[in-house]
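Engineer: need coordinates for the below:
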Amino acid sequence: MARHDSEDGQAGVELVAILPLVAVIVVLLWQAAVAGQAVWLAGTAARAAARAQAIGGDPAQAARNTLPPSLREGLKTVTGSDGAVRVRIRIPSVVAGKHRIGTVSAQARFRSQAG
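Structural biologist: Numbering: from 1, shown residues only. Below is the predicted model:
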């Protein structure tokens, strides 16, 4: 089979052209994983805060203790009159360092165990 000189290096050019698209897809998938982790951990922090509230502890500190340091900044906890605790955390950006791309929140409630 004869090779055409005009096609030499074509695969290399195509690879170089597609690399930015592959990089963007990888970053988007990574960001989706980080956002998913933030959603999961917001629920965990809300349950911990609600447990602390139910026994008379500090719900904000309990929520903070369940989160990794990267998610503690910007943590907000709000305790309702019915004993429910809402936790809001910021979703960190994987490409922009300290920037956040949004927030997620979760709510939990336990019956009061305080005497």
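
Engineer: please make it C-alpha for all contacts and neighbour counts, starting now.
Structural biologist: Will do.

Engineer: in the protein, mark out all the helices, start to finish.
Structural biologist: Per DSSP state H, the chain carries helices over the ranges 10-54, 59-66, 69-72.

Engineer: avg pLDDT for the shortest one?
Structural biologist: Helix 69-72 shows an average pLDDT of 89 in the prediction.

Engineer: what helices or strands is it leaning on?
Structural biologist: strand 85-92 (3 or more C-alpha pairs under 8 Å, 6 or more residues apart in numbering; DSSP states H and E).

Engineer: walk me through which strands the strand it packs on pairs with, and which way each runs.
Structural biologist: strand 76-79 (antiparallel), strand 100-108 (antiparallel) (DSSP bridges).

Engineer: picking that back up, from the helices of the chain, which stretch is densest packed?
Structural biologist: Counting by mean count of other C-alpha atoms under 10 Å, helix 59-66 has the highest mean neighbour count of these, with a mean of 20.

Engineer: tell me who's in contact with Val87.
Structural biologist: Ala42, Gly43, Ala45, Ala46, Ala63, Leu75, Lys76, Thr77, Val78, Ser105, Ala106, Gln107 (C-alpha atoms under 8 Å, 6 or more residues apart in numbering).

Engineer: reformat these as a markdown table; add distance to Leu19 and pLDDT.
Structural biologist: Rendered in a markdown table, the data for the contacts of Val87 read as follows (distance: C-alpha to C-alpha, whole Å; pLDDT from 0 to 100):
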| residue | distance to Leu19 | pLDDT |
| --- | --- | --- |
| Ala42 | 35 | 96 |
| Gly43 | 37 | 95 |
| Ala45 | 39 | 96 |
| Ala46 | 41 | 96 |
| Ala63 | 41 | 95 |
| Leu75 | 37 | 93 |
| Lys76 | 40 | 95 |
| Thr77 | 42 | 94 |
| Val78 | 45 | 93 |
| Ser105 | 36 | 94 |
| Ala106 | 38 | 95 |
| Gln107 | 42 | 94 |
